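Asks: Pasting a predicted model and its sequence here:
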Amino acid sequence: MLIIGNFLIAIATVLDYLLVFYMWIIIARAVLSWVNPDPSNQIVQIIYSITEPVLYQIRSRFPVNYGGIDFSPIIIFLAIIFLQTFLVNSLFGLGRYLL
């Protein structure tokens, strides 16, 4: 059971870091939406390609534009916080229980 507990803790740790990293990418995307970046810039293209599929799914399912402001990044933040609070903490707890 020690190996399974350590494995679950490792998965929870990696998942937590990935969620935090994606949250920072969403923040960068929101900041880029305030300015007019060069669309041929490599970094801008990478940020858009990473975030647009998720943001598009939110925009297509929910009315998130009010007064010209896009609130889909806030919904993504709430989903990430939920995943960190529920899934990551549950994996940590289960992993610690199995140790």
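Replies: Nice, I can see it. From a predicted model like this one, the values you see are computed outputs, not experimental measurements.
Asks: Going along the chain, name the strands of the protein.
Replies: Using DSSP state E, the strands of the chain run over residues 65-66, 69-70.
Asks: Dump those to TSV, plus mean neighbour count, distance to residue 28 and mean pLDDT.
Replies: For every residue, glycine as well, the C-beta is placed using N, CA and C. TSV is the format used below for the strands of the chain (neighbours: other Cβ atoms under 10 Å; distance: least, Cβ to Cβ, whole Å; pLDDT from 0 to 100):
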stretch	mean neighbour count	distance to residue 28	mean pLDDT
strand 65-66	10	20	84
strand 69-70	12	15	86
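Asks: Make JSON lines out of these and add distance to residue 41.
Replies: Converted to JSON lines, the strands of the chain look like this (distance: least, Cβ to Cβ, whole Å):
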{"stretch": "strand 65-66", "distance to residue 41": "25"}
{"stretch": "strand 69-70", "distance to residue 41": "21"}
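Asks: closest one to residue 13 among the ones you listed?
Replies: strand 69-70 (31.8 Å; Cβ to Cβ).
Asks: hmm, who's touching that closest one?
Replies: In this structure, residues lying in contact with strand 69-70 by Cβ atoms under 8 Å, 6 or more residues apart in numbering are 33, 55, 59, 64.
Asks: returning to that earlier point: which one of the strands of the chain lies nearest to residue 20?
Replies: Nearest of the strands of the chain to residue 20, taken as Cβ to Cβ: strand 69-70 at 22.0 Å.
Asks: Please state the offset of that closest one from the chain centre?
Replies: Distance of strand 69-70 from its chain centroid, counting by Cα atoms, centre = their mean, to the nearest Å, is 18 Å.
Asks: I am finished for the moment; much appreciated.
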